[in-house]
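A.B. asks: I'd like to go over a predicted model; first the sequence, then the structure.
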Amino acid sequence: MLHTSGALSSTVLSPLADAGFSTGSMHPLVSISDPASGVVNLRGAFFCLEGRRTALRVGRRVVSDLGGHAFSIEPRRKALYHAAAVMASGNMTALFDIAIEMLAACGFVQAARSRGVAAAGPECSRKSFCDGTSESPDRNLRSG
């Protein structure tokens, strides 16, 4: 039995565990705003798994079937993990909105503002976090 809450650990399923079920949690590290985009976004996503051994084995199989990447944390770290996920997801959207407003103040037309920020954001994120560079994101942003 796997639940998908990002903030709650598998301990919320203790009554089921006490009844003999193998319990765990499997949280996708992606934003899902609707079923259609959810299907697309789950493929290749990172999934946080925690719980009992059998539940973890099932979770890893599901992640593998989705072409995803599994990682595990201690149940007591679940709230911290979820806070980090919220910071990465919601705050990036807020930063993009602020950047678009700033470009508007510079005279950028609407279509170009949105496309420009959409193109610059992922590339900066990729360089800062995914390429394995030892430079901090701040330094990458300052150096352009």
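C.D. replies: Received the coordinates, thanks.
A.B. asks: How about the spatially most central residue of the chain, nearest residue that isn't a chain neighbour?
C.D. replies: Taking C-alpha atoms, centre = their mean as the criterion, residue 29 is the residue nearest the geometric centre of the chain, at 2.8 Å. Excluding the flanking residues, the one nearest residue 29 by C-beta to C-beta, 6 or more residues apart in numbering is residue 46, at 4.2 Å. C-beta here means a position set from N, CA and C on the backbone, and glycine is covered the same way.
A.B. asks: Give the helix, strand or coil label for the residue of the chain most remote from its centre.
C.D. replies: Farthest-out residue of the chain from its mean C-alpha position, per C-alpha atoms, centre = their mean: residue 107, at 33.4 Å. Three-state call for residue 107 (DSSP: H, G, I helix; E, B strand; the rest coil): coil.
A.B. asks: returning to that earlier point: check the gap between the residue nearest to the centre of the chain and residue 73 for me.
C.D. replies: 11 Å (C-beta to C-beta, to the nearest Å).
A.B. asks: who does the strand or helix carrying residue 64 touch, helix- and strand-wise?
C.D. replies: Using DSSP states H and E, residue 64 sits in helix 53-65. Helix 53-65 sits against strand 2-3, strand 24-28, strand 46-51, strand 69-72, with contacts defined as 3 or more C-beta pairs under 8 Å, 6 or more residues apart in numbering; DSSP states H and E.
A.B. asks: Deepest-packed of those strands, please.
C.D. replies: Scoring the helices and strands packed on helix 53-65 by mean neighbour count under mean count of other C-beta atoms under 10 Å gives strand 24-28 as the most buried, with a mean of 24.
A.B. asks: Show the pLDDT at residue 37.
C.D. replies: pLDDT recorded at residue 37 is 83.
A.B. asks: Assumed it was part of a strand.
C.D. replies: No - counting by three-state DSSP, one finds residue 37 to be helix, located in no strand.
A.B. asks: What distance do you get for it to residue 45?
C.D. replies: 12 Å.
A.B. asks: before we move on, what about residue 13?
C.D. replies: As judged by C-beta to C-beta, residue 13 and residue 45 stand 22 Å apart.
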